[in-house]
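Student: Predicted model follows, preceded by the sequence.
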Amino acid sequence: MSQPRDWLNRRRASWRRKATARDQGSVLLNQRRVYILPTRAGLGFCALLLILLIGSVNYNLGLGFGLTFVAGACAIVDMVQTTRNLAGLVLSPGRAPDVYAGEDAPFELRVENPTRLARYAVWIDVEHVAEPRQAIDVPAGGSTTLVLRTATVTRGWMRAPRVRLSTHFPLGLFRAWSWWQPDSRALVYPFPEQDAPPLPMLGRPSPDGVGSTGSDDFGGVRSYQPGDPLRHLAWRQIARLDPDLGGQLVTKQFEGGTVDELILDFDALPSGLDVELRLARMTRWVLEAEQRALPYGFILGRIRYDAALGTAHQAACLRALALYGLPEEPA
Amino acid sequence: MGKPAVRRHAGLARRGHLAGPAHAPNVVLVPIAAAAMFGVLGSYHTLLGRDAGVAMLVLLVAFKMLEMHARRDLFVVVFLCYFLVLTNFFYSQTIPTALLMLASLVALLATQLSFQLTGTVPPLRTRLWMGAKLLGLALPLAGAAFVLFPRIEGPLWGMPDDSHSARSGLSDTMAPGQMSNLAQSEDVAFRVKFDGPVPAQPQLYWRGPVLGSYDGRTWTRVRPSRQARPQPLSLSVGGTPVGYQVTLEPSNTRWLFALEMPRAIPELPGHGVTLSGELEFQSLDPIAERVRYDLVSFVHYSLQPDASPVDGQWLMLPYGLNPRTRAAGQALAAEPDPGRRVAAVLRLFAGGGFVYTLQPPLLPGRDSIDDFLYGTRAGFCEHYAGAFVFLMRSAGVPARVVTGYQGGEMNPIDGYLTVRQSDAHAWAEVWLPRRGWVRIDPTAAVAPERVQRSLARALPPPAPFGFEGLGRLLQPDPDSLLGRVRYAIGAVNNGWNQWVLNYTPQRQQHLVQRLQEGLSHWQSLALIAMLCALLFLVRKFSQRRKADPVDALYSVLCQRLGQLGLPRAPDEGPTAYALRLAAADLAPETGAAATEFLRRYSAYRYGPQSPGTGLVSILRDLLSRVR
């Protein structure tokens, strides 16, 4: 008696394992991964077939039998074609840029169709999230890239959500679907604190002695980074470069050096503060220092970065902040 | 290629609502729909029944189309259209109707798949082609289901009275002029498939109603209640039996026709069959659909040779009518041998200047047989049979009129004999001592060619539109091209009727049995296995052919380099791979060939120019130098 139940449990466990397993790299949706069930319209069609059959029997319509069987066979062909509308697609994760907590993480997904069968109306959505859904068409031998936006709440690694691909095409009598767990993750930085206190400018004296406080000595330009104040944009340079030809926004950089080396030290923050708030403040400061082009040192637990400036430095700092107290790998 | 086609669907997808102009409000639609329904009621005086039901269905589809909100409504309309296709079969089930059905299905499938689309909408022609392809894939499956799906004999419940409209056919009375109407009709009465050789044309008398009462104008059947006691039928037969199968077209009458003389009552699935004292077969209910029955007949027979028809009903004549004929008959009675009396009358018909014509002059008088025999002398089977029986009864010989069909047209293509309404015929039976009821065809005495050949060829060809030669062209001459085409069409139609429209449980059982027998032979199994293997090979081969030859060579190269210890990383493009190969310590010739291969491959795969001819052979050459 318990044997079927055991079998069912084992089956279910294996399903769950399969469903939650991460798919390394690109994934071929073969027939075994595609599930199919009739839709409500499909059940209606079944009733229709029954009525057609009963009518044909009652009125002895030879061609009525023909119609019934042709319609029934069309439904079966539809079942096969609905499965085939998904099967054979190759899915691969694309870029997953870093975001700040609270923003939507855009996961890029690539759907490739190496077969000679054009795919129509493949719906892509995320588990447990009803909307918004996206529908894509993938031409034969072509590919389509789409971006799946997922809300982020907490800092740290965020795994791409489990993606559901489903289709009703061609006749809408069946719904075929497949699950895909893209092997892709995005790093979520802490949300920068709003109205954070000003940068802690009271660091150690700079080894090269006294410098001017001037932040108005023009020292060249660098490429624009989000957050640069608009009034620092080098409009004259920008006007000469056509953004369509690869030109970038550039920001004027002011030199003069700081008197004091800016050190952003986590432990120096008031220990009464919540860890997350401290991390948020550090994030804000990193951004601000970067914005104002003030080289900053960074100390977070055992991580120590010497004072520097630039994208790589900022990314390293933000990464350290995002992963503070968290394991390297997502759960 | 590869162009992103991502779209967000707010309205259509989420709630299944349809885009497009707003439909008319229900305040407008409901009164119009109600008015239309009253119109149906006014035209048919009912809302039930076949014709009114179909009209209502058409209205329903039309109004539903005006009132569509959601995706679900589209399904409702499409599903109703399937019913609409079915209702067409109440009226016609011919091959053109079947083709129309397939065309409608393509349109329906294209519609259904069109509203599943979300982004790119292919042009209508492509979508129709997709529908046709779907249908084409479904057809073999549907054919198998048609043959193998267990058939249930209908009807499940009563049919509406009007489910089959009236059709022409032989009635159970005979009045002058009636058969000449039938003679104009090319409608098929029934088709016959003989098991063995086909009897000669003059022996093909298909027995139908037997008429014994005459009121001076109309011959009718003798009412069974008037028979004092049913005589036991005694039939002695000789010669070889003739087995055959009759496929009777629906006539809405109860008559079944059999070659004279049948040995046993035919079995008719779904109908009871009765046999009367005059050897007539009748089903218990009118035949409203095509039926089929098997029979065995003997063309040499004697019917009730020893039982004299004592009750005198076969001698009764209306009092005071046709005095001249009656007197002639009484004069004949002087001859003691009834057989000679018969012969004398036949001689009279053959030599008395009688004419066989389908357009005889009218006989409006009270003594119509007198007028015919001594006046017009022009008529066809019913005149001759009626007059003959009247004469015989006057001469004291028991006689009766037998109606049915005579002859038929053999289709050399499928071997079916087609009996048309134009083959309707009337002849006579007389009872002779020791010989029983003997068939006498007085028409044969007047126009032997009517019986020798068939009616159509016994008459001069008609002249359609006044052209003399045209009629000859349309004659069923089996040797002319037109005749062959006509026979081919007839054979196709008959096959359609036999196998599609009238595929009964019996026929299915028979076929499945034959299939089983056929499949139990090892040869057929071997044949099927071979076909499967062939299909598999063709598929395999075509799959291999599908791959790009350049890509195939590329993968061979990668494999070979892998064997040399430099496998391509999964994420490595040909250019990066080539760079890595250049740095590796390969044999100089191998390295050069591989690098050149990868350069050309990269240019082919990613370059803007189309590949020059001979790329495959160059690559193959390069590949051969990689070792």
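Tutor: Yep, it's here.
Student: Dihedrals phi and psi, A:Asn30?
Tutor: phi -90, psi 170 (degrees, to the nearest 10).
Student: can you tell me which residue is nearest the centre of chain B?
Tutor: B:Asn497 (2.5 Å; CA atoms, centre = their mean).
Student: residue ranges with poor pLDDT in chain A?
Tutor: Scanning chain A for pLDDT under 70 picks out A:1-2, A:16-24, A:128-132, A:201-223, A:225-229, A:240-248, A:252-260, A:328-331.
Student: sec struct for the closest residue to chain A within the stretch 251-400 of chain B, please.
Tutor: As assessed by CB to the nearest CB, chain A sits closest to B:Glu289 within the stretch 251-400 of chain B, at 5.0 Å. Where C-beta positions appear, they are placed from N, C-alpha and C, glycine not excepted. Three-state call for B:Glu289 (DSSP: H, G, I helix; E, B strand; the rest coil): coil.
Student: can you tell me the helix or strand for residue 64?
Tutor: No chain was given, so I picked chain A. Element membership of A:Gly64 [criterion: DSSP states H and E] is helix A:62-86.
Student: oops, I was thinking of chain B
Tutor: Using DSSP H and E, B:Lys64 sits in helix B:50-66.
Student: For that helix, buried residues please.
Tutor: Within helix B:50-66, the residues scored as buried using 16 or more other CB atoms under 10 Å in any protein chain shown are B:50-57, B:59-61, B:64.
Student: which helices and strands sit right next to the helix or strand just after it?
Tutor: Remark: after helix B:50-66, the chain's next helix or strand is helix B:71-87, criterion DSSP H and E. Helices and strands touching helix B:71-87, by 3 or more CB pairs under 8 Å, 6 or more residues apart in numbering or on different chains; DSSP states H and E, are helix A:40-59, helix A:62-86, helix B:50-66, helix B:95-114.
Student: Relative to A:Leu309, which of the ones you listed is closest?
Tutor: helix A:62-86 (49.1 Å; CB to CB).
Student: What residues are bridge-paired with A:Arg185?
Tutor: For A:Arg185, the beta-bridge partners are A:Arg159 (DSSP bridges).
Student: Could you report the neighbour count for residue 325?
Tutor: Unless you meant another one, I'm taking chain A. Using other CB atoms under 10 Å in any protein chain shown, A:Gly325 is surrounded by 10 other residues.
Student: actually it's chain B I care about, not the one you picked
Tutor: Counted with other CB under 10 Å, residues neighbouring B:Thr325 total 23.
Student: Next up, the contacts around it.
Tutor: B:367, B:369-370, B:373, B:387, B:390-391, B:394 (CB atoms under 8 Å, 6 or more residues apart in numbering or on different chains).
Student: Could you look up the SS state of it?
Tutor: Under the three-state scheme (three-state DSSP), B:Thr325 adopts helix.
Student: any idea how far B:Pro442 is from it?
Tutor: According to CB to CB, to the nearest Å, B:Thr325 and B:Pro442 sit 13 Å apart.
Student: hey, what's in contact with both of the two?
Tutor: Both B:Thr325 and B:Pro442 are in contact with B:Ala387, where contact means CB under 8 Å, 6+ apart.
Student: What segments of the stretch 201-331 of chain A are helices?
Tutor: Secondary structure of the stretch 201-331 of chain A, counting by DSSP state H, counting those that start in this stretch: helices at A:235-240, A:275-292, A:311-322.
Student: likewise the stretch 351-500 of chain B?
Tutor: Taking DSSP H, counting those that start in this stretch as the test, the helices found in the stretch 351-500 of chain B are B:368-371, B:381-394, B:442-446, B:448-452, B:455-458, B:468-474, B:481-496.
Student: Leaving out chain neighbours, which residue sits closest to B:Tyr503?
Tutor: Sequence neighbours aside, A:Gly62 is the residue nearest to B:Tyr503 in space, at 6.1 Å (criterion: CB to CB, 6 or more residues apart in numbering or on different chains).
Student: Report the separation between that neighbour and B:Tyr91.
Tutor: Counting by CB to CB, the gap from A:Gly62 to B:Tyr91 is 14 Å.
Student: Could you do A:Leu294 as well?
Tutor: Taking CB to CB, one finds A:Leu294 at 90 Å from B:Tyr91.
Student: So for the two, which sits in the more crowded spot?
Tutor: Neighbour count, other CB under 10 Å: between A:Leu294 and B:Tyr91, A:Leu294 has more, with 20 against 11.
Student: who's the residue lying closest to that one once chain neighbours are set aside bridged to?
Tutor: Among residues not flanking A:Leu294 along the chain, A:Leu262 sits closest, at 5.2 Å (CB to CB, 6+ apart). Counting by DSSP bridges, A:Leu262 forms beta bridges with A:Tyr296.
Student: Would you agree A:Leu262 is in contact with A:Val286?
Tutor: No - using CB atoms under 8 Å as the test, A:Leu262 is too far from A:Val286 to be in contact (10.3 Å).
Student: Between the two, point out the one with more neighbours.
Tutor: Using other CB under 10 Å, the more surrounded residue of A:Leu262 and A:Val286 is A:Val286, with 25 against 22.
Student: Which parts of chain A belong to which domain?
Tutor: A:18-189, A:202-258, A:261-322 (automatic domain parsing).
Student: now for those domains, which one comes closest to B:Ala33?
Tutor: domain A:18-189 (22.6 Å).
Student: re the thing from before, looking at the contacts of B:Thr325, state which has the most neighbours.
Tutor: Among those, the one with the most neighbours (other CB under 10 Å) is B:Phe390, at 29 neighbours.
Student: Identify the residue spatially nearest to it, adjacent ones excluded.
Tutor: B:Ile369 (5.2 Å).
Student: dump the residue contacts of the one you found.
Tutor: B:321-322, B:325, B:386-387, B:390.
Student: so what's the residue nearest to B:Arg263 when sequence neighbours are not counted bridging to?
Tutor: Of all residues not flanking B:Arg263 in the chain, B:Val296 sits nearest, at 4.8 Å (CB to CB, 6+ apart). Per DSSP bridges, the residues bridged to B:Val296 are B:Gly243.
Student: Next, count neighbours for B:Val296.
Tutor: Counted with other CB under 10 Å, B:Val296 comes out at 16.
Student: ok, back up a step: tell me how far the residue nearest to A:Leu294 lies from A:Ser92.
Tutor: Counting by CB to CB - A:Leu262 and A:Ser92 are separated by 42 Å.
Student: out of the helices and strands packed on helix B:71-87, deepest packed?
Tutor: Burial of the helices and strands packed on helix B:71-87 is given as mean neighbour count (mean count of other CB atoms under 10 Å in any protein chain shown); helix A:62-86 ranks first at a mean of 23.
Student: Following the chain onward from that helix, which element is next?
Tutor: strand A:90-93.
Student: ok, which stretches of the stretch 401-550 of chain B are strands?
Tutor: B:409-410, B:416-420, B:424-432, B:436-440 (DSSP state E, counting those that start in this stretch).
Student: okay, the angle between the longest one and helix B:381-394?
Tutor: With axes from the mean of the first three to the mean of the last three CA atoms, to 10 degrees as the basis, strand B:424-432 and helix B:381-394 are set at 20 degrees to each other.
Student: Now do strand B:424-432 and strand B:436-440, the angle between them.
Tutor: 140 degrees.
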